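1. Please work out how this folds:
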Amino acid sequence: MRLGPAQTRRRSENGWHLPQALKLTDKLREIVQDVEPAASLNYTKHYIGLKVQNASMNFVQFMPRKAHVIMLFKVAQTAETDEIIGDSTLEPMKYDANWKLYRIRVDEAITAEERAVVRFLVQRAYFEYTGLDRQPAVALAPTEESH
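-> Numbers count the residues shown, from 1 in each chain. Purely as a prediction, here's the structure:
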């Protein structure tokens with residue numbers, strides 16, 4: 001018996017069959033991969049999360065809709081982050097204090113400035129989720145001292 005959210009395929013009858021929103025999700029995934037290169041999309045019934053080395057790592061989640069994608073960032077609310085989001089042209093939604101999630105609506109016409117704000121939020125979410133401040137090495141090489 002499998003525990004956890006139901007797994008779905010990308011284009012199943014009951015799952016994700018919104019081609020325009022899925023193309024946008026793929027573009028946004030590229031921004032996430034700038035921060036965590038090993039991240040891949042993990043399709044579940046109600047949202048699209050992230051997998052890193054076959055383990056769920058949902059510091060960012062995607063909720064595709066017909067004309068846009070709602071991105072959720074697992075970040076504690078701060079005045080600095082509120083100001084950065086407020087000054088951008090992105091369309092913020094109400095902060096979810098229960099789950100500590102910033103929610104932002106992103107449409108197909110994402111500008112370079114909006115990409116920079118999304119990348120900032122991805123970095124902040126990654127840092128808060130993992131405690132790592134920079135890109136992790138893809139594979140750690142053994143040191144001479146460890147032999």
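2. quick one: the strands in the protein?
-> Applying DSSP state E to the chain gives strands spanning 39-43, 48-52, 55-56, 60-64, 68-74, 91-92, 101-107.
3. got a markdown table for these, with mean neighbour count, mean pLDDT and distance to Y129 too?
-> Backbone N, C-alpha and C define where each C-beta goes, glycine included. A markdown table is the format used below for the strands of the chain (neighbours: other Cβ atoms under 10 Å; pLDDT from 0 to 100; distance: least, Cβ to Cβ, whole Å):
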| stretch | mean neighbour count | mean pLDDT | distance to Y129 |
| --- | --- | --- | --- |
| strand 39-43 | 19 | 94 | 11 |
| strand 48-52 | 20 | 96 | 10 |
| strand 55-56 | 10 | 94 | 11 |
| strand 60-64 | 22 | 96 | 9 |
| strand 68-74 | 21 | 96 | 6 |
| strand 91-92 | 14 | 96 | 20 |
| strand 101-107 | 19 | 96 | 12 |
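4. Quick one: closest of those strands to G131.
-> Nearest to G131 among the strands of the chain is strand 68-74 (13.0 Å), distances taken as Cβ to Cβ.
5. Show me what the closest one is packed up against.
-> helix 19-35, strand 60-64, strand 101-107, helix 112-130 (3 or more Cβ pairs under 8 Å, 6 or more residues apart in numbering; DSSP states H and E).
6. show me where pLDDT drops low in the chain?
-> Scanning the chain with the threshold set as pLDDT under 70 gives 1-17, 133-147.
7. what residue lies at the spatial centre of the chain?
-> V60 (2.6 Å; Cα atoms, centre = their mean).
8. what's near enough to touch that residue?
-> Applying Cβ atoms under 8 Å, 6 or more residues apart in numbering to V60 gives the contacts V32, L50, M71, L72, F73, K74, L121, V122, A125, Y126.
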